[in-house]
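Asker: requesting a structural model of the entry that follows:
(chains A and B)
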Amino acid sequence: MLRQYSAPLMDSKREAAIGLFEKAGFPGPKDEAYRQCRLDALLEIDYGMNLYRLSAPAHPSKVFRCEVPSLSTKLFFVVNDVYYPDPDPQKLSEGVLYGSINAILREYPELMAPYYDRIAGQSADAFAALNTAMAQDGFLLFVPAGVEIEQPLQLIQLFHGEIEQMANRRNLVIIEDGASAKLMICDHSMTQSSCFSNQVTEVFVGKKARLEYYELEMTHPNNARLSNTFIDQQASSSVFVNGITLNNGVSRNNLNLRMLGEQAESMLSGLCLLDSHQFADYHVDVEHVVPQCTSRQLYKYILDDESRGVFAGKVLVHPNAQKTSAYQSNANLCNSSRARMNALPQLEIYADDVKCSHGSATGQIDENALFYMRSRGLSEQEARAMLKFAFVADVIEGIQLIPLQNRIHNLVGKRFRKQMSACAGCDIC
Amino acid sequence: MFRAGSKKRRGKRVKQKESHQDILLSQSQQNVGKRPGGDRKQTKNKNILAKAVKTIFMLLEIKNLHASAGDKEILKGLYLSVKEGEIHAIMGPNGSGKSTLSAVLSGNPAFTVTQGTVHFKGMDLLSMTPEDRSREGLFLSFQYPVEIPGVSMVNFMRTAINEHRKYRKQEAMNASDFLKLMREKKALVELDNTLAGRSVNEGFSGGEKKRNEIFQMAMLDPVLSILDETDSGLDIDALRIVAQGVNKIHTPQKSCIVITHYQRLLNYIVPDRVHVLFEGRIVKSGDFQLAKDLEKQGYDWVKQELKD
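Answerer: Predicted coordinates:
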């Protein structure tokens, strides 16, 4: 049934993936990588899947807005797991391909064969395998060598519809040698039903290519997100990743970055603001395969109420990856005795001439600072908001797109002052 | 010179007190006149009023204050009254409870009040939150100002000013008025211009931190300021700048409690009353001469007097 609608290239990978998934099964509590991430309750739900490729009635751009003031982005929509044709098709640049992954893989099988499932296929992750087995659509961006796209591209992934459903979203981003792009992926939900997004994004960054990659999740407590992002970086390329979780139910983000060419550099950063029963889990794996690469990680969590956070960051330096610089920093603010944070920073180094460091700290708001501020007339809520803001400022200030930085600044400020409803971006809910 | 200043203040204060009292009395007589009450009722009203007038001019009234940190009782029955316009100095050996007093008055949650009352402008101070105490005009200059990385001075002060204004049902101050005010007050304590962008107290030298406290005091314009060892860790020039800053802010309507170990600061900020705090109680009070005596002879004679 899957084959009826999807590209042959996608179908060709299904069998192996099904085999892998059957062997691995859904990860349970004994599975080390998912030990802290309880998915049992989520997996019990009988999710519907859109196998017949039905599309939602209205075009999302009519009902949904995720505006970043003074930032004009090129917008794309994936609703559930269906790519919506661009209502305003325009050529971005010579040779740039963008749109439905299903359509592009069908149209350019030779061009895409070296990329599709090349990294995900090597992963042992059961959810990635499930995605490869079941995925039918998603977003694809191909930027040919030397082309620089100035305008930021924004992909909005939405859930819509009354039923409980699972979407296997599949994205592929290829930035060829010397090319550059800025991509922002926003997860939203327009329904209160339980939805499960199992997404895989493969990213290829060529020699001397540059990519800024932003993720923003603003969904609701019934939403589950399982995201596997794989990035392969070639020589002298630069990658900036920033992932922000503002509102969600359960999120597990696996970010796997491999540095395959010398002089490559990467900055991976993230921010999770959690309260009530939110859960967010980042697993960041950075692999230094070759010498002279630089990677930095900066992840911060703020936990209130009964929320839970997990950060597992790993840096693996291969034996010949000399002159590697790798830094990892994780800091967490636990504001309630019922909130819980698990941090698992790891370094695995097999080379002997490297500069690597990691640091992780979990603490509370400084009571002295809080009292100092209150003694100057600031309400406790305002003082807490300012201190939380100060805590996360470096992650937000790291965002290189200034209008986006301002927007996140605003959203986070509102969030700390509890002025934001579950999903601030859309007009309907 | 400073003594003269203080006398002048006192003169003004008395005058003002009378005028205040007149207004209040005349108001009350009007009210009473409207009511068909007997003579007895009228005298009763007058008594209540006299009491009210007394509490209004008594800016701060501490009675039998007991406070502890954890299990340890530090303040053991402290009495202190500060009238509008007065400057009080509190001196005393280490560990006598000076800083605990300032912490309790500003509402620091690390200390528990077990007994006693504190009235500030006639209100029950101990039932108020730290922020409301500040908004009502109480200010504590911290002995150890707290560093707050990531919160800029300009943002901090602007929020504080606007929270004060909100409390008084005033509109928020616009950016240009605020910057003007900040420039003006910064000059009082000779703080440099890079201050605004820096994080609160982060990387400030000891002197800058103390000057920053007085700057904040000038910005928030309190009626009662408590300076908790503001002179400690200051060199002579910084001490002069800080003290002059305090004097410039001072008006006949404002009161000040200066907690210090040394007479040095009191040469600049001349107190109306000097108290000795010892083992959680005020054991001796006097005028400026007491501070001079303490400086000369130390605390032993006070302790000896107590024993006798």
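Asker: which SS class is whichever residue of chain B sits closest to chain A?
Answerer: Closest contact between chain B and chain A, by CB to the nearest CB, is at residue B:150 (2.7 Å). Using the backbone N, CA and C atoms, a C-beta is placed for each residue, glycine as well. Assigned by DSSP: H, G, I helix; E, B strand; the rest coil, the conformation of residue B:150 is strand.
Asker: residues touching it, list them.
Answerer: A:389-391, A:393-394, B:199 (CB atoms under 8 Å, 6 or more residues apart in numbering or on different chains).
Asker: which residue is nearest the middle of the chain?
Answerer: Answering for chain A, as no chain was given. residue A:215 (4.9 Å; CA atoms, centre = their mean).
Asker: please go with chain B instead
Answerer: In chain B, the residue lying closest to the centroid (CA atoms, centre = their mean) is residue B:225, at 2.6 Å.
Asker: host element of that residue?
Answerer: strand B:224-228 (DSSP states H and E).
Asker: what sits closest to whichever residue of the stretch 251-400 of chain A sits closest to chain B if chain neighbours are left out?
Answerer: Relative to chain B, the nearest point of the stretch 251-400 of chain A is residue A:390 (2.7 Å; CB to the nearest CB). Excluding the flanking residues, the one nearest residue A:390 by CB to CB, 6 or more residues apart in numbering or on different chains is residue B:150, at 2.7 Å.
Asker: measure the one you found to residue A:417 for me?
Answerer: The spacing between residue B:150 and residue A:417, counted by CB to CB, to the nearest Å, is 17 Å.
Asker: residue A:281 too?
Answerer: On the measure of CB to CB, residue A:281 and residue A:417 end up 26 Å apart.
Asker: these two: who's more crowded?
Answerer: Set residue A:281 next to residue A:417 and count neighbours by other CB atoms under 10 Å in any protein chain shown: residue A:281 wins out with 24 against 13.
Asker: these two touch, right, the residue of the stretch 251-400 of chain A closest to chain B and residue B:155?
Answerer: No: judged on CB atoms under 8 Å, residue A:390 makes no contact with residue B:155 at a distance of 9.4 Å.
Asker: can you map out the helices along the stretch 301-429 of chain A?
Answerer: Per DSSP state H, counting those that start in this stretch, the stretch 301-429 of chain A has helices spanning A:367-374, A:380-397, A:402-416. These are given in chain order.
Asker: so which of those helices is nearest residue A:43?
Answerer: Among those, helix A:402-416 comes nearest to residue A:43, with 29.1 Å by CB to CB.
Asker: how about the residues of chain A near chain B?
Answerer: Residues of chain A found near chain B (CB under 8 Å from any CB of the partner chain) are A:366-369, A:371-380, A:382, A:386-387, A:389-391, A:393-394.
Asker: and those, which of them are buried?
Answerer: Neighbour-count burial (16 or more other CB atoms under 10 Å in any protein chain shown) applied to the residues of chain A next to chain B gives A:366, A:369, A:371-379, A:382, A:386-387, A:389-391, A:393.
Asker: distance of the residue with the largest distance to the centre of chain A relative to residue A:335?
Answerer: Most distant from the centre of chain A: residue A:375, at 40.6 Å, with distances by CA atoms, centre = their mean. Relative to residue A:335, residue A:375 is positioned 20 Å away (CB to CB).
Asker: about what we covered before: could the helices of the stretch 301-429 of chain A go into CSV alongside mean pLDDT?
Answerer: Output for those, formatted as CSV (pLDDT from 0 to 100):
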stretch, mean pLDDT
helix A:367-374, 96
helix A:380-397, 93
helix A:402-416, 88
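Asker: quick check: end-to-end length of stretch A:187-206?
Answerer: In stretch A:187-206, first residue to last residue: 27 Å (CA to CA, to the nearest Å).
Asker: sorry, wrong one. I was asking about stretch A:349-358.
Answerer: Terminal residues of stretch A:349-358 lie 12 Å apart, using CA to CA.
Asker: average pLDDT for it?
Answerer: Average pLDDT, stretch A:349-358: 95.
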